[in-house]
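Engineer: turn this into a model:
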Amino acid sequence: MQPVAIVCIGGLTYATLTTAFIIPVLYDLLRRSTSASKKWFNRIADAETGSAAAEAGSTEA
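Structural biologist: As a prediction, the model looks like this:
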């Protein structure tokens with residue numbers, strides 16, 4: 001019965017450490033990468049919109 005107890009204690013310890021440390025770190029990394037990619041895509045979209053507006057303005061004048 002001792003090997004079963006060791007496996008159970010090890011599993012509980014692993015699950016606790018994963019929940020307490022690894023999951024929050026992965027969540028934060030994912031949030032940061034998503035935020036950075038949104039900023040990058042918004043910057044590209046703003047640049048395309050700005051250049052299109054500048055071209056439209058220059059043809060009217």
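
Engineer: any idea which helix is longest in the chain?
Structural biologist: Counting residues, the longest helix found in the chain (DSSP state H) is helix 23-60.

Engineer: quick one: mean pLDDT over that helix.
Structural biologist: For helix 23-60, the mean per-residue pLDDT is 78.

Engineer: tell me the gap between it and the middle of its chain.
Structural biologist: Centre-to-centre, helix 23-60 and its host chain are 15 Å apart (C-alpha atoms, centre = their mean, to the nearest Å).

Engineer: and that helix, what other elements does it pack with?
Structural biologist: Using 3 or more C-beta pairs under 8 Å, 6 or more residues apart in numbering; DSSP states H and E, no helix or strand is in contact with helix 23-60. Quick note: C-beta positions are derived from backbone N, CA and C, even for glycine.

Engineer: what about K39, how many neighbours?
Structural biologist: Neighbourhood size, K39 [other C-beta atoms under 10 Å]: 10.

Engineer: that one and R32: what is the separation?
Structural biologist: From K39 across to R32, the span is 11 Å (C-beta to C-beta, to the nearest Å).

Engineer: just the element for V7, please.
Structural biologist: Secondary structure assignment for V7, by DSSP states H and E: helix 2-17.

Engineer: does anything pack onto that helix? Which helices or strands?
Structural biologist: Short answer (3+ C-beta pairs under 8 Å, 6+ apart): helix 2-17 packs on no helix or strand.

Engineer: now that helix: mean pLDDT?
Structural biologist: Helix 2-17 comes out at a mean pLDDT of 96.

Engineer: list of residues touching that helix?
Structural biologist: Here helix 2-17 makes contact (C-beta atoms under 8 Å, 6 or more residues apart in numbering) with no residue beyond itself.
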